[in-house]
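Trainee: For reference, the sequence and a predicted model appear below.
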Amino acid sequence: MTNDTLYIQLMNSIKEKIMNGEYKVGDKIMSEREMAELYGINRLTVRKAIKCLRQEGYLKAIQGKGTFVEKIPDLQDKVELGSGDVSLSMSIRKGGLNSSRIVLSLKQIDAVGELKNAFPDSPQVYELIRLSFINGKPYAVQESYFPCSYFKETDRYDFANNSLYDYMDLHGHYPVRLTSDLQIRDVPDNYAPALEIKKGKKVFFFTYYGYDKEGHLVEYTLSYNKPEFTSFQFSTKRKI
Amino acid sequence: MGEEAYIVRQIGEFSFIADLDFAKEHSVKYEILRKNVQECNRYISKILEIPLASKIFYLERVRYVEEQPRAIEKIYIDYKKVPGIEEMDFNHEPLFLILKREFGLEILQTDEEILIVNANEKEKQLLNLPDDAEVLMLKEKILIQNYEPLQYTEIISDPDFYRFKSEMNLR
């Protein structure tokens, strides 16, 4: 049990060094002996950590020369979502990643069930389903609902290349207050192919409620984000 | 698993507040797996901003809710701020209360990160998870006076154990 903990810690430490730029791709890392001495741990533990990192593709051993950094850990490609970031594409860009989006569907539907409760004054709502990509790979599906009583002419707006909030602003109902819930859930079966993940895999499931300056609910969004690209971060401070 | 109790975390409130509320309504127990003073590796030394091989207090425990194992907690604390803590009882009192009462340490800020990761063998065994299980990983860094890092915690739980809520003003 102790060795497991140590080798995982060492793996994390090496990954961290790669991510911090302390080790660059192609750099030679310390030898097993050097690491064992430096951290005061068993050489077999070091060997196990290096072996795992080789299997994960981050390191490469060259016979007679040593172990070298092969690639940067995936953690660097994560989108940091948190209490400060609202727009998914903004979060992606802030992470230095390329973001793109396509509209899977946009239609008017009857507000029934949960939607009727959310938008009681609007018999119909728009349903906008978009698929976001990071560096060309599918990343998130977002289902957004907004009431026809406040919004119109969606066919004149390009939701693939422009923000939903800019559209809402154009119609005088920019969400000034946003509440959100986060859970971990199985990906819905119908979105698994679009996200290129297996059915039953876990995803970050966000629910957003956006309210305009009059306090009316103007947006209800469900977002399914792939875990390998997502890191949700937040900070809490003591109120003084 | 979906019907089991879960903790609702309000973003902007300290985690211990949600834990205390949760403990009022559910039976919560801990099984200590490991508790010792050890030297930190580089990873922990960077997080806690202390020199490599500095002494840290390490606590590893499983949180049981209604007799079911729901989360594994690994806690690393800068030992020079909490000398003698290894002798204390962590089964009957929240850790933040012990830190406050015994050492006068008040939490000023927490920085947290949530990830979904594949469960390793040990986690699957301790939490009774299936072979292909994914788990929620919560990393938390706790800062005290002068924004000095005090504690780093990694929590592995079944994905249904935590839900998060937030509210923000955009304009």
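Mentor: Thanks, I have the structure now.
Trainee: Contacts for stretch B:49-60, please.
Mentor: A:5, A:38-40, B:32-42, B:44-45, B:48, B:72-80, B:82, B:85-86, B:90, B:95, B:148-149 (C-beta atoms under 8 Å, 6 or more residues apart in numbering or on different chains). Where you see a C-beta, it was placed from the backbone N, CA and C, and this is true even at glycine.
Trainee: Then stretch A:194-204?
Mentor: With C-beta under 8 Å, 6+ apart, stretch A:194-204 has contacts from A:81, A:104, A:131, A:137-141, A:182, A:184-187, A:189, A:192, A:223-227, A:230, A:232, B:114, B:116, B:134, B:159.
Trainee: mind giving me the domain split of chain A?
Mentor: Residue ranges for the domains of chain A, per automatic domain parsing: A:2-72, A:78-233.
Trainee: Check those for me: which has the lowest mean pLDDT.
Mentor: With a mean of 83, domain A:2-72 has the lowest mean pLDDT of the domains of chain A.
Trainee: Going along the chain, name the strands of the chain.
Mentor: Unless you meant another one, I'm taking chain A. A:59-62, A:66-69, A:79-82, A:99-110, A:124-134, A:137-147, A:177-186, A:202-211, A:217-225, A:230-237 (DSSP state E).
Trainee: try again with chain B
Mentor: B:7-10, B:28-39, B:55-65, B:68-78, B:109-118, B:134-144, B:148-157, B:162-169.
Trainee: what's the closest of those to A:Ala118?
Mentor: strand B:162-169 (16.8 Å; C-beta to C-beta).
Trainee: Parallel or antiparallel, list what pairs with the closest one.
Mentor: strand A:177-186 (antiparallel), strand B:7-10 (parallel) (DSSP bridges).
Trainee: of all the ones you listed, which lies closest to A:Ser122?
Mentor: Of the strands paired with strand B:162-169, nearest to A:Ser122 by C-beta to C-beta is strand A:177-186, at 18.9 Å.
Trainee: got the buried residues for that closest one?
Mentor: A:Arg177, A:Leu178, A:Ser180, A:Leu182, A:Gln183, A:Ile184, A:Asp186 (16 or more other C-beta atoms under 10 Å in any protein chain shown).
Trainee: Contacts for it, please.
Mentor: So strand A:177-186 is contacted by A:86, A:199-211, A:215, A:224, A:232, B:114, B:116, B:134, B:136, B:159-160, B:162-170 (C-beta under 8 Å, 6+ apart).
Trainee: Tell me who's in contact with A:Glu127.
Mentor: A:Ser105, A:Leu106, A:Lys107, A:Gln108, A:Ile109, A:Glu143, A:Ser144, A:Tyr145 are the contacts of A:Glu127 under C-beta under 8 Å, 6+ apart.
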